[in-house]
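Engineer: turn this into a structure:
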Amino acid sequence: MKIQLKPIGEQVIVITGASSGIGLVTARMAAARGARVVLAARNARDLGDAVHRIRSEGGRAVRVVADVSDEAQVAAIAETAVAEFGAIDTWINDAAVAMYGRIMDLDTADMRRQVEVNFWGTVYGARAAVPHLAREGGALINVASAVADRAIPLQGIYCAAKHAIKAFTDTLRMELEEAGTPVSVTLAKPGSIDTPFFQKARTLLGVEPQPVPPVYAPDVVAEALLHCAEHPVRDIVIGGMGKVIQLAALAPRVTDTYMERTTFDSQRTDQPVADGRGDNLYVPLDHDGGERGHTWTGRTKESSLYTWAALNPGTAVLALAGAAAMAAGARALRSPSPRRVERGD
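Structural biologist: Below you'll find the predicted structure:
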């Protein structure tokens, strides 16, 4: 079954978790390319600011204040999209919350809440989106994580929810394909991304958490998501280190030992958690933080050669061939010319 997806400029795109980070960057990027965008999240003020900015730049956007852990509120996102713009062409499930701590120290109610947002929010979004996407063909993009393939310490429930999203997405894809439903289902698996996600996390670490380096800009993810909105892609790892994590699953005991030695420390900053610091596990903060984070102080990678190559395999092969030819030519120029031997009569 061949699925035809529209160019971004002709699409209506719904994005959950759109008040900050990856969701916000993707919404602004899509609107700048002509898409009509529906931004959904819990933070009404930040959503309003985002929509105002998009409109001031000539884009078309509406907001829906919604908690994705509530199925009725997710259904309202779809209803608003159709009422405002007449259709849904791409739905991106990006909403998520973070929590840091050892599993035996976490409160089970908090664990349940994280799964309700991260996993059930994706399920509700997919079920709301598919009937609309199926009408003329469309794309469902579930944003999981590199930890959907390999868990790490101190984020056990987050990892569990992302593993569940992978299983859910793979199953839904097969069922839709078998039924002949014209919906492209993509599982996106970003590595560590520089967003406010970490500074809003509930943490038992005693210090502010941070992403495990290397860390990529949210624009890298947004570009990949919009590519998947135009071109059917089964799954995509975003950021080269995400691919390394995926491959690490092939040597689980070695990876266990390595992570036990490194990832407890690499997820901690030296910044103490401020008194009265809130988190967004249950309710939104006054401000979601914008596009980039404030706990990560290292270098942020603004591009990913691996992701570009994964999304453009044909071009990547040509580029590699061209580079090889240039290298061969350079070697030839550096080599001494063979001595010419003239033959006598």
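Engineer: mind listing the strands for the stretch 201-345 of the chain?
Structural biologist: Ranges of strands in the stretch 201-345 of the chain, per DSSP state E, counting those that start in this stretch, are 202-203, 207-209, 215-216, 235-238, 268-272, 300-301.
Engineer: likewise for the stretch 51-200 of the chain?
Structural biologist: Counting by DSSP E, counting those that start in this stretch, the strands of the stretch 51-200 of the chain are 60-65, 90-93, 99-100, 138-143, 183-190, 192-193.
Engineer: tell me the most buried of the ones you listed?
Structural biologist: strand 90-93 (a mean of 30; mean count of other C-beta atoms under 10 Å). For every residue, glycine as well, the C-beta is placed using N, CA and C.
Engineer: paired strands for that one, with orientation please.
Structural biologist: With DSSP bridges as the test, strand 90-93 is paired with strand 12-16 (parallel), strand 138-143 (parallel).
Engineer: on that earlier part again, pipe the strands of the stretch 201-345 of the chain into JSON lines and attach mean pLDDT per row.
Structural biologist: Formatted as JSON lines, the strands of the stretch 201-345 of the chain follow (pLDDT from 0 to 100):
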{"stretch": "strand 202-203", "mean pLDDT": "98"}
{"stretch": "strand 207-209", "mean pLDDT": "97"}
{"stretch": "strand 215-216", "mean pLDDT": "96"}
{"stretch": "strand 235-238", "mean pLDDT": "96"}
{"stretch": "strand 268-272", "mean pLDDT": "95"}
{"stretch": "strand 300-301", "mean pLDDT": "96"}
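Engineer: now for those strands, which one comes closest to Ile77?
Structural biologist: Distance to Ile77, taken as C-beta to C-beta, is lowest for strand 235-238 among the strands of the stretch 201-345 of the chain, at 23.9 Å.
Engineer: please name every helix or strand in contact with the closest one.
Structural biologist: strand 183-190, helix 218-230, helix 305-311 (3 or more C-beta pairs under 8 Å, 6 or more residues apart in numbering; DSSP states H and E).
Engineer: for Lys200, find the nearest of the ones you listed.
Structural biologist: Short answer: helix 218-230, nearest of these by C-beta to C-beta, at 14.5 Å.
Engineer: now do that closest one against strand 138-143, angle only.
Structural biologist: 150 degrees (axes from the mean of the first three to the mean of the last three C-alpha atoms, to 10 degrees).
Engineer: by contact count, what packs against helix 218-230?
Structural biologist: By 3+ C-beta pairs under 8 Å, 6+ apart, helix 218-230 packs against helix 21-32, strand 90-93, strand 138-143, strand 183-190, strand 192-193, strand 235-238, helix 305-311.
Engineer: can you pull the contacts of Gln155?
Structural biologist: Gln155 is in contact with 98-100, 147, 267, counting by C-beta atoms under 8 Å, 6 or more residues apart in numbering.
Engineer: just to revisit the earlier point, kindly reformat the strands of the stretch 201-345 of the chain as TSV containing distance to Gln11.
Structural biologist: Formatted as TSV, those follow (distance: least, C-beta to C-beta, whole Å):
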stretch	distance to Gln11
strand 202-203	35
strand 207-209	35
strand 215-216	25
strand 235-238	19
strand 268-272	39
strand 300-301	28
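Engineer: any chance of CSV for those, columns distance to Val51 and mean neighbour count?
Structural biologist: Below are the strands of the stretch 201-345 of the chain laid out as CSV (distance: least, C-beta to C-beta, whole Å; neighbours: other C-beta atoms under 10 Å):
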stretch, distance to Val51, mean neighbour count
strand 202-203, 28, 21
strand 207-209, 30, 21
strand 215-216, 26, 22
strand 235-238, 26, 24
strand 268-272, 32, 13
strand 300-301, 26, 20
